[in-house]
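Student: the sequence isn't on hand, but the structure is:
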Ligand SMILES: [Ca+2]
């Protein structure tokens, strides 16, 4: 390892500190504040460490995909799930962000980390599909633990939850979607009871 | 995967959300607030993904050690580096925390994650030594980027920085300690120039 190489690596690691200031819509479990994308990425990596273990996917790869999946938000911002976006515009912003941010690294690592981010986005490998499923399951779990969270705030119906979370979770892990449906059913049934 | 198994796994993943509320001493780079242990763990996992790549250690294992290394703080709290602690008392609190928190998981996974945490704490394997080095390097980097950070707050001298960070970083990665020394030297020389 040359000194120049480490200097580039540390510059990248200093720059991505900014992911701690990208605020998402979900609230943390104690409801005190909204979650940021850095702690969200740690939480997802823990979801992978625990849940990928029981699936036929490469757990370490799922973890790496999730560690890098939101880094582009430093420049491109978080695109909330229950909002309207011009997906072409979001894609262009995120591509430019990937180029700038991963470009801070030595060339070989810029290529490696960009490849991880692209693999996640493409959702074609089993690992990327599973990672995408966890990225939907985690806010679903947070919402059921915080009185509906972003669903309540955005007047999202039980049917809309199925439509917006179901396909991605089901595609990555049918058994997790089966269990998630129980959580959703219980949440909306309690909400209807006025609890 | 049985439903009961997933229920236990999700209960653990909900419980560790609390790591997002454990506040450390270091400030994030924009100096707006102190860092929490969940986002710190993500940042360290990224340090591993980038820096372990060039060393003769198993990168995926270093990442896993770092993802779990602070989870016990949920019950035991963070023990600031530049403070005085009864290390026996800290150890007892952390052991009890590990038992309760990892104990929420199915038995096989409770054993696995406890083993990762113990491996990190023991600092005997090359992966654990490298992980410990990163856990020192990251706050060192943050301090040099935030006008001295916890060093300035606690009147820590250049010699004390060498004594408190050096052995652990050197033991995990001599080349990273060589580079870190440059950062430290430059910081204290600028500070002495009144910059
Ligand atoms: Ca390696």
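Tutor: Arrived safely. Keep in mind that what you see is a predicted model, and the values were worked out from it rather than measured. Residues are numbered from 1 along each chain as shown, chains lettered A, B, ... in the order given.
Student: what are the contacting residues of stretch A:51-65?
Tutor: Residues from elsewhere that reach stretch A:51-65 (Cβ atoms under 8 Å, 6 or more residues apart in numbering or on different chains): A:45, A:48-49, A:116, A:119-120, A:126-128, A:130-131, A:134, A:173, A:176, B:1, B:5-6, B:9, B:45, B:49, B:60, B:63-64, B:67, B:109, B:112. All C-beta spots, glycine's among them, are computed from the backbone N, C-alpha and C.
Student: let me fix that: stretch A:32-46
Tutor: Here stretch A:32-46 has contacts from A:19-28, A:63, A:66-67, A:69-70, A:73, A:78, A:131, A:134-135, A:138, A:142, B:13, B:16-17, B:19-21, B:36, B:38-39, B:41-43, B:45, B:63, B:67-68, using Cβ under 8 Å, 6+ apart.
Student: ditto for stretch A:10-24
Tutor: A:34-41, A:70-71, A:73-74, A:77-78, A:80, A:101-102, A:104-105, A:139, B:28-30, B:32, B:35, B:39, B:42-43, B:46-47, B:50, B:138, B:141-142, B:145, B:179.
Student: which PyMOL command selects the buried ones in those?
Tutor: Listed next is the PyMOL selection for buried residues among those, using 16 or more other Cβ atoms under 10 Å in any protein chain shown:
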select buried, (chain A and resi 35+36+37+38+39+40+41+70+71+73+74+78+101+102+104+105+139) or (chain B and resi 28+29+35+39+42+43+46+47+50+138+141+142+145+179)
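Student: which of the contacts of stretch A:10-24 fall in helices?
Tutor: Residues of the contacts of stretch A:10-24 located in helices (DSSP state H): A:37-41, A:73-74, A:101-102, A:139, B:39, B:42-43, B:46-47, B:50, B:138, B:141-142, B:145, B:179.
Student: for the residue most central in space within chain A, give its distance to residue A:112.
Tutor: Among the residues of chain A, the one closest to the centroid is residue A:135, at 3.9 Å (Cα atoms, centre = their mean). Look at residue A:135 and residue A:112: by Cβ to Cβ, to the nearest Å, they are 21 Å apart.
Student: what about residue A:98, which helix or strand?
Tutor: If you go by DSSP states H and E, residue A:98 is part of helix A:87-102.
Student: show me what that helix is packed against.
Tutor: helix A:3-15, helix A:73-76, helix A:107-122 (3 or more Cβ pairs under 8 Å, 6 or more residues apart in numbering or on different chains; DSSP states H and E).
Student: so what's residue A:69 up against?
Tutor: Per Cβ under 8 Å, 6+ apart, neighbours of residue A:69: A:41, A:44, A:117, A:120, A:131, A:135.
Student: what is the nearest of the residues you listed to chain B?
Tutor: residue A:41 (4.8 Å; Cβ to the nearest Cβ).
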